[in-house]
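J.: A predicted structure for the sequence below; I have some questions about it.
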Amino acid sequence: MSTSLRWGILGTGGIAKAFVADLLANGFTVTAVGSRSQESADAFAAEHGIATAHPSYEALASDPNVDAIYISTPHPFHAENAKTALSSGKHVLVEKPFTLNAHEASEVVDLASESGLVVVEAMWARWLPHMVRLREIVAAGTIGEVRTVIADHNQSLPTDPNHRLQNPALGGGALLDLGIYPVSFAWDMLGAPTSVYAISSPTPTGVDRQTAILLGYANGAQAVLHTALDTVGPNTASVIGTDGWVRIDTVFYNPTSFTVFNTAGEVVETFDETVSNRGMQYEAWELERRVAEGESASDVLPASESVAIMATLDEIRRQIGLTYPSE
């Protein structure tokens with residue numbers, strides 16, 4: 001796919017480095033980076049061969065040589081950063097989770113709509129080849145009516161109380177950083193839940209250490225989801241239907257393989273397509289496609305769904321008593 005937009009990178013952390021590496025390896029144009037300090041921006045620009053390094057996010061948003069901005073800051077700052085970029089006329093790709101809560105998400109989406117700009121949640125898994133093929137299989141009725149989705153995302157991450165994932169002020173906890181993947185996956189397969197149930201165990205700092213989630217749907221379908229930040233898990237997913245099921249291999253939200261089985265346990269299809277680099281280029285292509293075609297939304301992940309997913313996460317947080325200082 002051809003690319004035409006000039007990208008700016010807001011934030012210089014690890015995820016921004018991975019994103020830029022995928023962009024540059026796939027023919028995208030990255031013209032500028034912005035950080036809270038000139039030193040950090042300069043180092044990032046030098047590492048990736050980016051022409052312009054800005055000492056503030058506002059300066060990046062005002063850069064006339066930038067058309068779209070990728071936001072990679074911690075989630076409590078996504079809404080503020082997105083609104084800064086949109087107010088300067090830039091299209092925006094916002095790292096997941098979209099914002100800290102549904103109210104912030106609605107503000108971002110409304111501003112993009114009012115400004116005639118495209119905003120996309122960087123839930124990169126939605127556009128990976130295995131997910132594209134999985135949706136085709138489900139739509140074709142290969143496994144019948146989908147009744148159950150099972151997915152987990154468990155990692156062993158730093159326990160330092162000052163680490164971002166342990167810090168309430170930075171939106172820490174398993175749910176928003178890791179659990180967003182299985183929750184978004186359930187939305188992708190089953191749509192909007194009609195009921196939400198959750199239990200959780202906290203860390204000493206007061207964020208969720210592990211959280212189990214059950215989503216119910218009007219047609220009787222269910223999603224069984226789990227996330228934890230201090231235990232390594234299989235990080236797989238299954239989609240179970242009346243005529244068969246799909247097993248998605250580790251790590252289910254990364255470029256990976258899957259197998260389709262019929263009710264007799266026989267293999268119907270296997271999928272294993274090589275993806276260059278990490279695979280984050282697909283979400284950038286999606287934003288560029290929407291801009292080129294004048295399409296503010298798509299059926300894969302419209303901004304309205306990102307808002308609704310945040311509302312589901314809000315309800316989970318309400319049930320487990322997880323709040324953040326900035327709310």
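T.: Thanks, I have the structure now. Numbers count the residues shown, from 1 in each chain.

J.: for stretch 48-66, which positions count as buried?
T.: Residues 48, 50, 52-55, 57, 59-63, 66 are the ones in stretch 48-66 that count as buried (16 or more other CB atoms under 10 Å). For glycine as for every other residue, the C-beta is placed from the backbone atoms N, C-alpha and C.

J.: stretch 259-269 now?
T.: 260-261, 268.

J.: what's the first-to-last distance across that stretch?
T.: One end of stretch 259-269 sits 6 Å from the other (CA to CA, to the nearest Å).

J.: swap in stretch 291-307?
T.: First-to-last residue span, stretch 291-307, CA to CA: 20 Å.

J.: rewinding a little: tell me the one of the buried residues of stretch 48-66 nearest Gly244?
T.: Set against Gly244, the nearest of the buried residues of stretch 48-66 by CB to CB is His48 (44.4 Å).

J.: double-check the closest one against Asp22; I have them as touching.
T.: No. Contact criterion CB atoms under 8 Å: His48 and Asp22 do not qualify, at 11.3 Å.

J.: the buried residues of stretch 48-66: which two are farthest apart?
T.: The widest separation within the buried residues of stretch 48-66 (CB to CB) is 21.0 Å, between His48 and Ser62.

J.: dump stretch 54-67 to PDB, restricted to CA.
T.: The C-alpha coordinates for stretch 54-67 follow below in PDB (Å, rounded to 0.1, in the frame of the first residue of the first chain):
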ATOM      1  CA  HIS A  54      10.700  19.400  19.000                       C
ATOM      2  CA  PRO A  55      11.100  20.200  22.700                       C
ATOM      3  CA  SER A  56       7.400  20.100  23.300                       C
ATOM      4  CA  TYR A  57       4.200  18.300  22.200                       C
ATOM      5  CA  GLU A  58       2.700  21.700  21.300                       C
ATOM      6  CA  ALA A  59       5.600  22.400  18.900                       C
ATOM      7  CA  LEU A  60       5.200  19.100  17.200                       C
ATOM      8  CA  ALA A  61       1.400  19.700  16.800                       C
ATOM      9  CA  SER A  62       2.100  23.100  15.200                       C
ATOM     10  CA  ASP A  63       4.700  21.700  12.700                       C
ATOM     11  CA  PRO A  64       3.500  22.400   9.200                       C
ATOM     12  CA  ASN A  65       5.500  19.500   7.900                       C
ATOM     13  CA  VAL A  66       3.400  17.000   9.900                       C
ATOM     14  CA  ASP A  67       0.000  15.600   8.700                       C
END
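
J.: what's the mean pLDDT across that stretch?
T.: Average pLDDT, stretch 54-67: 98.

J.: now do stretch 3-13
T.: 94.

J.: so where's the longest helix in this structure?
T.: Longest helix of the chain, by residue count under DSSP state H: helix 303-320.

J.: buried residues in it?
T.: 303, 305-317, 320.

J.: again with stretch 220-240
T.: Those would be 221-230, 233, 235-240, for stretch 220-240 by 16+ other CB under 10 Å.

J.: about what we covered before: what do His48 and Asp22 both touch?
T.: By CB atoms under 8 Å, 6 or more residues apart in numbering, His48 and Asp22 have no common neighbours.

J.: quick one: Pro158 from Pro76, how far?
T.: 18 Å (CB to CB, to the nearest Å).

J.: what of Asp152?
T.: Distance from Asp152 to Pro76, by CB to CB: 25 Å.

J.: give me the neighbour count for Gly294.
T.: 8 (other CB atoms under 10 Å).

J.: next, work out how far apart it and Glu305 are.
T.: 20 Å.

J.: state the mean pLDDT of stretch 118-138.
T.: 98.

J.: please apply the same query to stretch 314-321.
T.: 98.

J.: ditto for stretch 104-114
T.: 98.

J.: next, the buried residues of it.
T.: Buried, per 16+ other CB under 10 Å, within stretch 104-114: 104-109, 111-113.

J.: and of these, the nearest to Arg247?
T.: Of the buried residues of stretch 104-114, the one sitting nearest to Arg247 (CB to CB) turns out to be Ala105, at 32.0 Å.

J.: hmm, back to that, identify the farthest-apart pair in the buried residues of stretch 104-114.
T.: Glu104 and Ser113 (15.2 Å).

J.: list the contacts for Pro158?
T.: Pro158 makes contacts with 165-166, as judged by CB under 8 Å, 6+ apart.

J.: is it in a helix, a strand, or coil?
T.: coil (DSSP: H, G, I helix; E, B strand; the rest coil).

J.: and the residue sitting furthest away from the middle of the chain, how far is that from Ser238?
T.: No residue in the chain sits farther from the centre than Ala264, which is 34.8 Å out by CA atoms, centre = their mean. Counting by CB to CB, the separation of Ala264 from Ser238 is 17 Å.
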